[in-house]
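>>> Fold the stuff below for me.
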Amino acid sequence: MRGMVRVSALSEHDTDHAVRVAEIHLAAWQSPVHLLNDLVLRFKADIDSTRTSEKAIFLAHCSDDAAGYCRLVRDATDPRCWWLEGIAVKPRHQRTGVGRALVDACVRYCGTHGGAALRSEAHLDNAGSIAFHRSVGFHDTGKYVAPDGDRKVGFTLSLATRSAGPLGTR
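Now for the predicted structure:
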């Protein structure tokens, strides 16, 4: 299912895409369908909040299919650091370059908004996510227990050592 991946940044005018983002989330995380309405409301609010440059949401398409999304948020204490707060790709589009194209979009966005580093985290038992982070250039920053008790591994990607091409070209 390889092909051209188009990635676009959603703006506050794109809240109609919340259903697509929620469907991607459900498919990627194999979540129960009854959560769809709650997820749509959450993603509408997230998309609406992109009117500031402190947050971005990217939507990836393969052909006409919404294939993946990611959420990016500027760190509250270090304005040169951004957090990849969520990334999800529909199972049929995994390992086709969609996730990499989304991370590339984040790198470009961070670079044009004063970012020096992109950070992320994954649950310690999520081997697929850990492998993905490493494959797109993130470096482990250590394991820790989050305040909610979840065991996680942290990641950092230095923007100085990684660049990405024009938006939507991968």
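
>>> Would you state the helices of this structure in chain order?
All helices of the chain, identified by DSSP state H, fall at 18-29, 36-48, 98-112, 127-135.

>>> Can I get the ones you listed in CSV including distance to Gly149, mean pLDDT and mean neighbour count?
(Each C-beta comes from the backbone N, C-alpha and C, glycine too.) CSV is the format used below for the helices of the chain (distance: least, Cβ to Cβ, whole Å; pLDDT from 0 to 100; neighbours: other Cβ atoms under 10 Å):
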stretch, distance to Gly149, mean pLDDT, mean neighbour count
helix 18-29, 19, 93, 20
helix 36-48, 22, 93, 16
helix 98-112, 27, 95, 23
helix 127-135, 18, 96, 15
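
>>> Adding distance to Ser11, write those out as TSV.
What follows is the helices of the chain, written out as TSV (distance: least, Cβ to Cβ, whole Å):
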stretch	distance to Ser11
helix 18-29	13
helix 36-48	8
helix 98-112	13
helix 127-135	27
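
>>> of those, which approaches Ile87 most closely?
Ile87 lies closest, by Cβ to Cβ, to one member of the helices of the chain: helix 98-112, at 5.9 Å.
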